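Novice: Provided below for reference: sequence and predicted model.
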Amino acid sequence: MTMEQLSMQTVKVQLSPTELQVFLHDTQDIDPNSPQMLRLISFLLAKSELYCEIPFSKTQVTVELLPASDGGLIFYFTCCEEADTKPLYHGKHIRLAGKFCQYSDLRECCRQILQNGIRCSDSSLYQISGSWILLLHLAGKYSGMSKHLLLEFGTLLPFSNLLRAGLEEHGTCIHRKQAAAKIVSDAK
């Protein structure tokens, strides 16, 4: 089991296939609402609270599950959002922004976004002061998962029209459309 605090309100827990087998016994058909899974989530939340001192037991928590590439399972536990990092809602779509200091982290984040079926054709990439800023415009149902990936591989930025204007004025636009797909395909 690996546990990593991604922010002041988010923890990532990854279980290997062997650990998953120990906890759930039948890993062929994982039901997120099964009693076994609910007990596992409770156990992992308690461990996470001890590890990182985020008060999960005192607030609402969102839980997201993603399959790991090795056959295991990744859990993201997040307390209620802070006001300055809430995604900007635009109808049924949201806008998120992430800052990356390493291009390899940006590429891996984009790979994970595409691998998990997150559709973000309206994504753009800027370079400014030795960092890369990825702007995502995606369906609201993908906001939590995308936010977790941005937190894991980079820094989540508060999205605003001011941010976009600053990037246009002081940054260099690398990809104006379909940035995530182009970043992943550039690596091949």
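Specialist: In hand now; what should we look at?
Novice: who touches the longest helix anywhere in the chain?
Specialist: Ranked by residue count and defined by DSSP state H, the top helix of the chain is helix 35-52. Helix 35-52 has contacts (CB atoms under 8 Å, 6 or more residues apart in numbering) with 3, 5, 11, 13, 23-25, 30-31, 54-57, 61, 63, 75, 77. C-beta: built from backbone N, CA, C; applies to glycine.
Novice: C-terminal to that helix, what's the next element?
Specialist: strand 61-67 (DSSP states H and E).
Novice: avg pLDDT for that next one?
Specialist: For strand 61-67, mean pLDDT rounds to 84.
Novice: between helix 35-52 and it, find me the angle.
Specialist: Computed with axes from the mean of the first three to the mean of the last three CA atoms, to 10 degrees, the direction of strand 61-67 lies at 110 degrees from that of helix 35-52.
Novice: need the contact partners of strand 61-67.
Specialist: 30, 32, 41, 45, 73-79, 116, 144-145, 148.
Novice: now a ChimeraX select for only the buried ones of those residues.
Specialist: Only the buried entries of these go into this ChimeraX selection, using 16 or more other CB atoms under 10 Å:
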select :41,45,73,74,75,76,77,78,79,144,145,148
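Novice: which two among the contacts of strand 61-67 are spaced furthest apart?
Specialist: With distances taken as CB to CB, the most widely separated pair in the contacts of strand 61-67 is 30 and 79, at 24.4 Å.
Novice: what secondary structure does the residue lying closest to residue 181 once chain neighbours are set aside sit in?
Specialist: Closest residue in space to residue 181, ignoring its immediate chain neighbours: residue 114 at 6.5 Å, by CB to CB, 6 or more residues apart in numbering. Secondary structure, DSSP: H, G, I helix; E, B strand; the rest coil: residue 114 is helix.
Novice: go on, the one 3 residues further on?
Specialist: Reducing the assignment at residue 117 to three states with three-state DSSP gives coil.
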